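Undergrad: My questions concern the predicted model and sequence given below.
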Amino acid sequence: MAPRAAPPRFGPRQLLLAAAAALDVCADGWVAAEYARGGQPGWAALALALLAAASVATQACSWLWLRSDPPALRPDVPRWLLAALHLLQLGFLFRCLHALKVGWKVCWAKAEEEEEQRRMAFLSHDISMLRLFETFLENTPQLTLLLYVILQTNKAEPSQGLGICTAFLCVTWSLLDYHQSLRSFLQDKYELSLGSSIIYFLWNLFLICPRILAVALFALLWPYGVAIHFPLVWLAMFLWVSLQGTDFMESPGPEQLYRAMVAVILYFSWFNVAQGRTLYRSIIYHSFILVDSTLLALSWIWCRPPSDEHSYLIPVVSTALPCYLLGLVLRVTYYKWLHPNVRAQQEGGSDEVDANGRTNGLEFRSLSVPDLMNKRMQWLAQAQFPVSWPLGQRFLNGAAALESTV
């Protein structure tokens with residue numbers, strides 16, 4: 001018996017991302033060991049602290065989601081064991097292994113079982129979001145630290161080179177996987193094509209690189225200045241996200257954790273969290289980040305000593321602005337010609353290019369088992385795309401799904 005085709009969310013992209021993440025963890029450990037061996041325990045401790053903080057936050061989200069999910073969607077293991085796995089920082093790994101088990105079952109099933117396929121999609125959506133959180137909480141700060149250490153010591157070790165490559169791959173690929181996860185809520189005709197994937201990957205890469213370079217250069221002159229700059233910008237982003245009225249988690253307390261994690265993402269990269277037109281919010285965000293990054297880079301140029309040995313970086317810094325602008329051009333290109341909303345307009349749908357919550361443009365997948373819809377990711381999909389809902393169909397998840405069955 002030959003296996004059937006795997007579900008849309010169970011493919012090469014996820015396998016590559018998992019392999020890159022595993023390699024990145026090994027690279028982080030290697031880098032921290034090299035720092036300790038080289039007489040820099042502070043850098044080693046900071047690298048491990050970033051890794052631990054990202055893991056704790058990700059495990060907390062994973063546990064909160066498991067507690068709120070319907071019992072039918074939870075792994076068939078005792079609750080105390082799930083709690084112990086998350087305390088041991090193994091909860092996310094267990095999720096991945098459980099998803100592989102369910103995916104293998106779906107792949108080799110004799111008959112089409114929509115419930116099992118949707119269960120697999122539900123698990124994959126959560127893994128995609130958790131991977132995005134972990135990547136931005138760990139890899140983007142690690143990238144900044146790696147670049148700072150390389151510039152400070154004027155040499156790059158093999159472990160640092162590997163760490164930079166794997167971290168950049170994880171960051172950009174997790175964003176692409178997250179976007180593909182949102183697109184999977186739409187009809188098959190709106191799936192992400194290879195050309196769209198490349199543009200999406202490159203635009204995020206070109207926007208994140210200058211930001212990390214600017215922060216690393218600022219830290220080169222004022223290492224403790226970053227300890228002031230980051231909390232201030234993070235607080236501004238947290239307040240901005242709060243004002244947009246997010247509704248991602250199941251209760252107000254965990255919602256604050258979600259907003260705090262999104263604020264970290266926004267320190268480095270754009271992330272849409274609210275429904276409605278994103279054009280003006282995007283302009284405000286990119287203008288702020290562009291001005292902030294420019295000031296950080298100019299402060300290094302103006303204040304560095306005349307005898308500074310980093311003069312070779314000036315040409316590199318001069319390319320940061322064109323790189324960021326190129327990223328914005330690629331983003332505009334994507335939204336102008338490759339975004340699914342554009343196709344919906346061409347087919348006679350919406351007049352808006354961004355989600356506004358009122359249009360009948362894009363078509364949502366119709367499910368016979370609506371309780372298996374991942375409400376968390378579906379809410380973000382609504383924020384990203386103008387979705388046309390099937391008449392009378394209501395998608396619930398977590399506590400809301402349990403209440404609806406009473």
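TA: Structure received. Numbers count the residues shown, from 1 in each chain.
Undergrad: separation between the residue nearest to Leu326 when sequence neighbours are not counted and Pro231?
TA: Counting by C-beta to C-beta, 6 or more residues apart in numbering, Leu326 lies nearest to Phe206, which is 5.2 Å off, once chain neighbours are set aside. The C-beta positions use only the backbone N, C-alpha and C, and glycine is treated the same way. Counting by C-beta to C-beta, to the nearest Å, the gap from Phe206 to Pro231 is 27 Å.
Undergrad: So for these two, which residue has more residues nearby?
TA: Phe206 (20 against 11; other C-beta atoms under 10 Å).
Undergrad: ok, that one - contacts?
TA: Residues near Phe206 by C-beta atoms under 8 Å, 6 or more residues apart in numbering: Cys323, Tyr324, Leu326, Gly327, Leu330.
Undergrad: out of those, who's nearest Ala274?
TA: Gly327 (22.2 Å; C-beta to C-beta).
Undergrad: And the strands in this protein?
TA: Along the chain, counting by DSSP state E, strands occupy 362-363, 387-388.
Undergrad: tally of neighbours for Val149?
TA: 23.
Undergrad: Now do the contacts for it.
TA: Val149 makes contacts with Tyr35, Gln40, Trp43, Gln160, as judged by C-beta under 8 Å, 6+ apart.
Undergrad: Swap in 10 Å and give it another go.
TA: Going by C-beta atoms under 10 Å, 6 or more residues apart in numbering, Val149 touches 31, 34-35, 38, 40, 43, 46-47, 155-157, 160, 216, 219.
Undergrad: Just the buried residues from those, in PyMOL please.
TA: A single PyMOL command is used to select the members of the contacts of Val149 judged buried by 16 or more other C-beta atoms under 10 Å:
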select buried, resi 31+34+35+40+43+46+47+157+160+216+219
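Undergrad: Mark which of the contacts of Val149 are part of helices, please.
TA: Judged by DSSP state H, helices contain the following of these: Val31, Glu34, Tyr35, Trp43, Leu46, Ala47, Gln160, Ala216, Ala219.
Undergrad: Now the two most distant members of the residues you listed.
TA: Glu34 and Ala219 (19.3 Å).
Undergrad: So, low pLDDT: which residues of the chain?
TA: By pLDDT under 70, the low-scoring segments of the chain are 1-17, 109-115, 187-191, 307-308, 341-372, 386-406.
Undergrad: now the contacts of Phe206 in CSV, with distance to Arg74 and neighbour count?
TA: Formatted as CSV, the contacts of Phe206 follow (distance: C-beta to C-beta, whole Å; neighbours: other C-beta atoms under 10 Å):
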residue, distance to Arg74, neighbour count
Cys323, 45, 16
Tyr324, 43, 23
Leu326, 45, 16
Gly327, 40, 22
Leu330, 40, 21
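Undergrad: Show me the helices in the stretch 51-200 of the chain, by range?
TA: For the stretch 51-200 of the chain, helices defined by DSSP state H, counting those that start in this stretch occupy the ranges 79-87, 91-107, 114-153, 158-183, 194-221.
Undergrad: Let me have these in TSV, adding distance to Leu243 as columns.
TA: Shown next, in TSV, are the helices of the stretch 51-200 of the chain (distance: least, C-beta to C-beta, whole Å):
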stretch	distance to Leu243
helix 79-87	31
helix 91-107	30
helix 114-153	21
helix 158-183	23
helix 194-221	23
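Undergrad: Met377 is nearest to which of those?
TA: With respect to Met377, and counting by C-beta to C-beta, the nearest of the helices of the stretch 51-200 of the chain is helix 114-153 at 4.1 Å.
Undergrad: From the chain's centroid, how far away is the closest one?
TA: Helix 114-153 has its C-alpha centroid displaced from the chain centroid by 6 Å (C-alpha atoms, centre = their mean, to the nearest Å).
Undergrad: list the contacts for the nearest residue to Thr166 once chain neighbours are set aside?
TA: In space, and not counting its chain neighbours, Thr166 is closest to Asp24: 4.0 Å by C-beta to C-beta, 6+ apart. By C-beta under 10 Å, 6+ apart, the contact list for Asp24 reads 51, 135, 138-139, 142, 162-163, 165-171.
Undergrad: can you check Ser293 too?
TA: Going by C-beta under 10 Å, 6+ apart, Ser293 touches Pro210, Arg211, Ile212, Leu213, Ala214, Val215, Leu217, Phe218, Ala320, Leu321, Tyr324.
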